[in-house]
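1. Coordinates only, no sequence provided:
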């Protein structure tokens, strides 16, 4: 009886694991897979969006914009705190540049979100916003090496990396939407 019980328990567990795996490992026709494969970090993308892999390209794009906006806003707040706390004039210059880049990214993402929600089929602005989000992180990170004679370790590397990944997800999602034959909201 114990062998039968443990055997059926094993089979049940195996079936459950296969069901969960089929949901977590998207197929090639799944929009999530298409977006994440084109992003800078597919693993991160799948971790962020993997809880609900069955979204339409429209829903993925909308969620990617929202996540990027939240990330950019949190990073901008963090930069503002660093700016207030530092007494180093060179770091103040660096943080001001980074804050500007992130504010431009936030404005671009908000504009894309507004257009996307209002018009739905305007992908160019979404693509541009995602592209700028990728560049903002790169520009900010480079500011830490810009001042000649000083080598500053970036205090924003992880935030900048995340912003670049979110930007690449937006670009991939906008690309998928622009090549999609049907748009489900």
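-> Yep, that arrived. All values reported here derive from a predicted model rather than from experimental measurement.
2. Check the gap between residue 84 and residue 66 for me.
-> 27 Å (Cβ to Cβ, to the nearest Å). C-beta: built from backbone N, CA, C; applies to glycine.
3. let me redo that: residue 165
-> Separation of residue 165 from residue 66 (Cβ to Cβ): 15 Å.
4. Could you do residue 174 as well?
-> Distance, residue 174 to residue 66, using Cβ to Cβ: 14 Å.
5. One more: residue 113?
-> Per Cβ to Cβ, residue 113 is found 7 Å from residue 66.
6. between residue 84 and residue 66, which one's more packed in?
-> A direct count of neighbours by other Cβ atoms under 10 Å for residue 84 and residue 66 places residue 66 higher, at 13 against 9.
7. name the helices or strands packed onto the longest helix anywhere in the chain?
-> The longest helix of the chain (DSSP state H) is helix 89-119. When contacts are defined as 3 or more Cβ pairs under 8 Å, 6 or more residues apart in numbering; DSSP states H and E, helix 89-119 sits against helix 57-85, helix 123-143, helix 157-178.
8. Buried residues in the shortest one, which are they?
-> Just to be clear, that refers to helix 123-143. Neighbour counts over helix 123-143 (16 or more other Cβ atoms under 10 Å) mark 123, 125-137, 139-141, 143 as buried.
9. So what touches it?
-> 40, 61, 64-65, 68, 72, 93-94, 97-98, 101-102, 104-105, 108-109, 111-112, 115-116, 154, 156-157, 159-164, 166-171, 173-175, 177-178 (Cβ atoms under 8 Å, 6 or more residues apart in numbering).
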